[in-house]
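Trainee: Generate coordinates for the sequence data below:
(chains A and B)
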Protein chains: 2
Amino acid sequence: MINGSQILLIIEYDGSGYHGFQWQNGLPSIQKELEKAIRKLTGERRRVIAASRTDAGVHARGQVVGFRTRSGLAASNFISGLNHYLPGDIAVKVAYRVNSDFRIRRSPVSREYSYYILNSPTRSPMREGRAYQVANPLNIEAMNRAAQTLIGQHDFASFLSGDGSWLESTVRNVLSAEVAREGELVVFRMTANSFLPHQVRNTVGALVRVGLGRMNLDQFRSIIEARSPGRAGPTAPACGLCLDRVNYPVPLGEEAS
Amino acid sequence: MINGSQILLIIEYDGSGYHGFQWQNGLPSIQKELEKAIRKLTGERRRVIAASRTDAGVHARGQVVGFRTRSGLAASNFISGLNHYLPGDIAVKVAYRVNSDFRIRRSPVSREYSYYILNSPTRSPMREGRAYQVANPLNIEAMNRAAQTLIGQHDFASFLSGDGSWLESTVRNVLSAEVAREGELVVFRMTANSFLPHQVRNTVGALVRVGLGRMNLDQFRSIIEARSPGRAGPTAPACGLCLDRVNYPVPLGEEAS
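Mentor: You can find the predicted model right below:
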């Protein structure tokens, strides 16, 4: 229908002020801001697709989005042009021109997320809206041992918030999962082929129970084995979550970075 | 006049919303918020003194402040009590009770500041208000060599914005100064017995000129030697600056941390 190629963008955003990536009637969304900026830059009304939809309040350092265009602008001019029209809490970091049949959402081999926990009895104004505060001391080693059990192909149904009956499958392949201290923060990093809704935040909820000594490694394992929605959690707050990177089978070109 | 001891606080704040630490008629300030919270907690009207006054928009991770009180509350209860009344962008991290003759402002042997530069052609929403963006590539090694020449006791008059005629002396003792890359950031850290107004920001302005190749090491040295206000700079934006730590001759106790 539409001739022309596709523009792929790597974008960063502070999700605090948005009801998630996806367009929702009357509510602020990342998608809406991107489509508005594209319209101002190119005069075209385009639909923007994201590699990984993020929920309300979730951040991204390396979200990948794409849209079709008839505009002949160089990819690099989409960076400066869109940044001119986007609000301060959304920025285009890199832009590529790809074939119009490139599948933004279907092609990724993996997504990488980080979850930031501020393990401190007092809140941190310099981390406000960027980390989940846990006041009691966390046992990082125990959390990391539990995280290791997530690696591999498993049915992660227990890490769903709802019943997930609308999902084709709840099996996911976790490539890496690690809990580490980074200064005053405890960071959980997880890479998987794709993620169930709320999977990282429900995993963090369960890992924090382990870190506080309220659950042992066997109990954590039994959550995975139960394959029963709602068993993990409680769902950790959105503010601690950040989509770091989306990996494609062939690395995206560097021509316009 | 006032009997009783003094409470010392280590506080963290995001200075974005404030016209600096110090009370100014009708304008939001850190001091005003602290005094308001103290009044709500203790019923006392107290004046809060800071170890290092920070300017509008400047942040702090380790500011030290003190006030006298007749309240018998345990130091640790000042942490939770004041945090209850303080806004989200200011937090008490640690509290101590010290003698009423302890001099918050006169006693420190040194102050440590960090200045964050985002060296990237595109802005970073996750660093918004926390770093100064420099689009062109910076030569970190050249900047660090220039920073080394600041170490020692010098007359830093060239690093003043105004004429500084109201200052007793413009000689300061710089204990350490270093420029290093930390991920996508370039961080300048500087420790000195005390600092002239705008000294760090004017130093950063000059270091960035070195980093961009617009000034060489000899020219940077000649700025120090000129002892002439306005020679350094331009004054780098407040948002990149953070007061990390104030050091006293005897380390502050740990009893209420």
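
Trainee: dump the residue contacts of the nearest residue to residue A:107 once chain neighbours are set aside.
Mentor: Distances taken as C-beta to C-beta, 6 or more residues apart in numbering or on different chains place residue A:248 nearest to residue A:107, at 5.5 Å, with adjacent residues excluded. For the C-beta atoms, the positions are set from N, CA and C on the backbone; glycine is no exception. By C-beta atoms under 8 Å, 6 or more residues apart in numbering or on different chains, residue A:248 lies in contact with A:107-109.

Trainee: Sheet partners, orientation included, of the strand ranked longest in chain A?
Mentor: Ordering each strand of chain A by length in residues (DSSP state E) puts strand A:171-182 first. As defined by DSSP bridges, the strand partners of strand A:171-182 come to strand A:152-155 (antiparallel), strand A:185-192 (antiparallel).

Trainee: how about it: buried residues?
Mentor: Applying a neighbour-count criterion of 16 or more other C-beta atoms under 10 Å in any protein chain shown, one finds A:172, A:174-175, A:177, A:179 buried in strand A:171-182.

Trainee: now these in JSON lines, with pLDDT and distance to residue A:157?
Mentor: As requested, the buried residues of strand A:171-182 are exported to JSON lines (pLDDT from 0 to 100; distance: C-beta to C-beta, whole Å):
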{"residue": "A:172", "pLDDT": "97", "distance to residue A:157": "10"}
{"residue": "A:174", "pLDDT": "98", "distance to residue A:157": "14"}
{"residue": "A:175", "pLDDT": "98", "distance to residue A:157": "19"}
{"residue": "A:177", "pLDDT": "98", "distance to residue A:157": "17"}
{"residue": "A:179", "pLDDT": "98", "distance to residue A:157": "22"}
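
Trainee: farthest-separated two in these?
Mentor: For these, the maximum inter-member distance is 18.7 Å, found between A:172 and A:179 (C-beta to C-beta).

Trainee: just the helices in chain A please.
Mentor: Assigned helices in chain A, in chain order: A:30-42, A:75-85, A:140-148, A:199-211, A:217-226 (criterion: DSSP state H).

Trainee: Please list the residues of chain A that sit near chain B.
Mentor: Residues of chain A lying near chain B by C-beta under 8 Å from any C-beta of the partner chain: A:12-14, A:59, A:61, A:79, A:83, A:88-93, A:120-126, A:128, A:130, A:242.

Trainee: If we use 10 Å, what do you get?
Mentor: Contact residues, chain A versus chain B (C-beta under 10 Å from any C-beta of the partner chain): A:10-16, A:59-61, A:76, A:79-80, A:83, A:86-94, A:120-130, A:184, A:242, A:257.

Trainee: What subset of those residues is buried?
Mentor: Among the residues of chain A next to chain B, those that count as buried by neighbour count (16+ other C-beta under 10 Å) are A:10-16, A:59-61, A:76, A:79, A:83, A:86, A:89-94, A:120, A:122-128, A:130, A:242.

Trainee: Now intersect those residues with the strands, please.
Mentor: Using DSSP E, those in strands are A:10-13, A:59-61, A:90-94, A:242.

Trainee: pLDDT added to the residues you listed, as CSV?
Mentor: Converted to CSV, these look like this (pLDDT from 0 to 100):
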residue, pLDDT
A:10, 97
A:11, 98
A:12, 98
A:13, 98
A:59, 98
A:60, 98
A:61, 97
A:90, 98
A:91, 98
A:92, 98
A:93, 97
A:94, 96
A:242, 98
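
Trainee: circling back: by how many degrees do the longest strand of chain A and helix A:140-148 diverge?
Mentor: Interaxial angle, strand A:171-182 versus helix A:140-148 (axes from the mean of the first three to the mean of the last three C-alpha atoms, to 10 degrees): 160 degrees.

Trainee: any idea how far residue A:219 lies from residue A:153?
Mentor: Relative to residue A:153, residue A:219 is positioned 22 Å away (C-beta to C-beta, to the nearest Å).

Trainee: ranking the contacts of residue A:248 by neighbours, who comes first?
Mentor: residue A:108 (18 neighbours; other C-beta atoms under 10 Å in any protein chain shown).
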